[in-house]
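Asks: need a structure here:
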Amino acid sequence: MPRKKRPEGTRAPNGASSIYYSEYDQKWHGRVTMGIKDNGQPDRPHVKRATEAEVIEAVRALEKQRDAGTVRKTGQRWTVERWLVFWVENIAAPSVRPGTMTGYRTSVYKHLTPGIGAHRLEKLTPEHLEALYSRMTATKVYKPATIHLVHRTVRVALNEAKRRKYITENPASLAKPPKVEEEEIEPFTDGEVLKIVTTAAKPNRRRQRARWTVSLATGLRRGEALGLRWPDITITWRHGCSPKAPCGKRAAKTCPERRGRGRMKIRYALHQRRWEHGCDGACGASPAAKCPSRHSGGLVLAPVKSRAGRRVIGLPHQLCVELEEHREIQEHERHAAGQLWQGLDLVFTNLTGGPIHFSEDFRAWKALLGDAGVRDARLHDARHTAATMLLILGVPLPVVMKLMGWSNAAVAARYLHVVDEILDSVADQVGDRMWNLNDDTEDDDDEGDLAQVISL
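Replies: Predicted coordinates:
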């Protein structure tokens, strides 16, 4: 049955699209109801074409977007620069950690806004991003890891724009950053650890010895170690002398052969917050850390970044002794500093009780490796060393993950290195198992002795 024509003089249903011809410009026009604007009025975008067929095709494309729920949100038209600045300062800043914000701001202000900021947000393509990455690579100044940080930043920012329907697709999800070659991490050997600890024990480095021993023995992250506080360390002492030859000391802590058992709660970490201008850039200083009226920057103590990071670590007796000696050294420094001492209860401090700056900690570590005659390596390699030591000791993976503060086994795989000591141990166990099978058992006719077969 043919479709009846709408009676002349009646209106189309609410929300229906309109197609009409205008004698004024001799063009075909179409309007499609896509939704409601922020002010409550209908959102009816307008299309104009030379022929009726073209305008029908354009109207149907808009209707298809509307029905699929992929319509871009109406309102202000964002440029990439405006959106990135709004996102980093108003959306990301209140919800991410200071260290993360430093990376976000560097990517946004140093790379993204100068490189692609003039594009309209809805017209940004994967090719625009890939061209930016190629330009960064061509300078030979930026490593692929830096470009990957830029890529991750813009991907997160554009995901938020997609959730808010300012764009329908995230071009960063399709863009391909340059490949990052993963560096082969080599944990410190027992000999290297011994050289580091021995060198750190020298008189001119005595106040820093516990700092490095804690990292090598427990694998704490740099921020966790520098943010460690005395109230989070508990040490229980007991006498170590023989009952036949008691030391005569009432307090076990004063026993010359005392034994200690400790617990260390990891709750806080030290972060470096980026400085901001207090003069809106009028001073001309770059970076903002050099601004006379800078604010919001410096070192801050904040809770660790994840639930897995909040953990308790058992302390070996030897580390308990070193921490107590370190506390005594710090007590002398506190008396020497007098009123200049900052009462932050930090385990590792500068000479006035303040937090140790990351750059100062970095220089001290590099100087220690040089004096010890050990290959150049990152302090973070000590974390790989601690994790691998737990693997050598046969500690179950769930326990390793708990001690190291990991929630994902894939992360653990990057830190647990199969060193030669493990390979040799496995080879010995395989040999002892296979070459000693059925030594005292007579074989059946259809089965040969496995050890004899292998020996042939």
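
Asks: what about the closest residue in space to Thr218 that isn't next to it in sequence, neighbour count?
Replies: Residue nearest to Thr218 in three dimensions, not counting chain neighbours: Ile313, with 5.4 Å by CB to CB, 6 or more residues apart in numbering. (C-beta placed from N, C-alpha, C; glycine too.) Per other CB atoms under 10 Å, the neighbour tally for Ile313 reads 21.

Asks: so for the helix or strand containing Ile313, mean pLDDT?
Replies: Assigned by DSSP states H and E, Ile313 falls within strand 311-315. The pLDDT scores in strand 311-315 average 93.

Asks: give me the sheet partners of that strand and which way each runs.
Replies: strand 259-266 (antiparallel) (DSSP bridges).

Asks: name the residues that touch the partner strand?
Replies: Contacts with strand 259-266, where a contact means CB atoms under 8 Å, 6 or more residues apart in numbering, come from 218, 220, 224, 228, 232-240, 304, 309-315, 317, 319-321, 323-324, 405.

Asks: following that strand in sequence, what is the next regular element?
Replies: Following strand 259-266 toward the C-terminus (DSSP H and E): strand 268-273.

Asks: in the next helix or strand after that following strand, what counts as buried?
Replies: On the C-terminal side of strand 268-273, the closest following helix or strand by DSSP H and E is strand 298-303. Using 16 or more other CB atoms under 10 Å as the test for burial, strand 298-303 gives Leu299, Val300, Leu301.

Asks: same thing with stretch 143-162?
Replies: 144, 146-147, 149-151, 153-158, 161-162.

Asks: again with stretch 424-436
Replies: When neighbours are counted by 16+ other CB under 10 Å, no buried residue of stretch 424-436 is found.

Asks: do the same with stretch 389-408
Replies: Judged by neighbour count (16+ other CB under 10 Å), stretch 389-408 contains these buried residues: Met389, Leu390, Leu391, Ile392, Val400, Met401, Lys402, Leu403, Met404, Gly405, Trp406.

Asks: check which helices and strands the helix or strand hosting the first one is in contact with.
Replies: Using DSSP H and E, Met389 falls within helix 381-392. Of the remaining helices and strands, those touching helix 381-392 by 3 or more CB pairs under 8 Å, 6 or more residues apart in numbering; DSSP states H and E are helix 209-218, helix 397-404, helix 409-415, helix 420-434.

Asks: C-alpha coordinates for that helix, PDB please?
Replies: Extracted C-alpha coordinates of helix 381-392, given in PDB (Å, rounded to 0.1, in the frame of the first residue of the first chain):
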ATOM      1  CA  ASP A 381      68.400  -0.500  39.800                       C
ATOM      2  CA  ALA A 382      68.700  -1.100  43.500                       C
ATOM      3  CA  ARG A 383      64.900  -1.900  43.500                       C
ATOM      4  CA  HIS A 384      65.600  -4.500  40.700                       C
ATOM      5  CA  THR A 385      68.300  -5.900  42.900                       C
ATOM      6  CA  ALA A 386      66.100  -6.200  46.000                       C
ATOM      7  CA  ALA A 387      63.300  -7.900  43.900                       C
ATOM      8  CA  THR A 388      65.800 -10.300  42.300                       C
ATOM      9  CA  MET A 389      67.200 -11.200  45.700                       C
ATOM     10  CA  LEU A 390      63.700 -12.300  46.800                       C
ATOM     11  CA  LEU A 391      63.500 -14.500  43.700                       C
ATOM     12  CA  ILE A 392      66.800 -16.100  44.500                       C
END
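
Asks: can you read off the pLDDT for Met299?
Replies: Small correction: residue 299 is Leu, not Met. 85.

Asks: of all the buried residues of strand 298-303, which comes closest to Asp43?
Replies: Distance to Asp43, by CB to CB, is smallest for Val300 among the buried residues of strand 298-303, at 44.6 Å.

Asks: show me the contacts for the closest one.
Replies: Pro98, Leu270, His271, Gln272, Arg273.

Asks: for Ala201, see how far away the nearest residue to Leu351 once chain neighbours are set aside is.
Replies: Computed as CB to CB, 6+ apart, the closest residue to Leu351 that is not its neighbour in sequence is Glu333, at 6.0 Å. According to CB to CB, to the nearest Å, Glu333 and Ala201 sit 18 Å apart.

Asks: same deal with Thr139?
Replies: Separation of Thr139 from Ala201 (CB to CB): 45 Å.

Asks: which one's more surrounded, these two?
Replies: Ala201 (14 against 7).

Asks: neighbours of the nearest residue to Ala92 once chain neighbours are set aside, how many?
Replies: Leaving out its chain neighbours, the residue that sits closest to Ala92 by CB to CB, 6+ apart is Tyr104, at 5.6 Å. The local packing of Tyr104 (other CB under 10 Å) involves 24 other residues.

Asks: just Gln342 next, same as before
Replies: With other CB under 10 Å as criterion, Gln342 counts 14.

Asks: can you tell me the helix or strand for it?
Replies: Using DSSP H and E, Gln342 falls outside every helix and strand.

Asks: any idea how far the residue nearest to it when sequence neighbours are not counted lies from Cys291?
Replies: Nearest residue to Gln342, sequence neighbours excluded (CB to CB, 6+ apart): Gly353, at 4.1 Å. Separation of Gly353 from Cys291 (CB to CB) stands at 27 Å.

Asks: do Leu369 as well
Replies: Applying CB to CB, the value for Leu369 to Cys291 is 35 Å.

Asks: so which of the buried residues of stretch 143-162 are in strands?
Replies: Nothing among the buried residues of stretch 143-162 maps onto strands, per DSSP state E.

Asks: is it true that Thr125 touches Ser173?
Replies: No: with contacts counted by CB atoms under 8 Å, Thr125 stays clear of Ser173, the gap being 11.9 Å.

Asks: and these two? Which one has more around it.
Replies: Counting neighbours by other CB under 10 Å for Thr125 and for Ser173 shows that Thr125 has the greater number, 14 against 11.

Asks: just give the number of residues close to Met264.
Replies: Neighbour tally, Met264, other CB under 10 Å: 23.

Asks: quick one, what contacts the residue nearest to it when sequence neighbours are not counted?
Replies: Nearest non-adjacent residue to Met264, counting by CB to CB, 6+ apart: Ile313, 4.7 Å away. Applying CB under 8 Å, 6+ apart, one finds that Ile313 lies in contact with Thr218, Arg263, Met264, Ile266, Leu403.

Asks: which one of these sits closest to Ile422?
Replies: Nearest to Ile422, judged by CB to CB, of the contacts of Ile313 is Leu403 at 18.4 Å.
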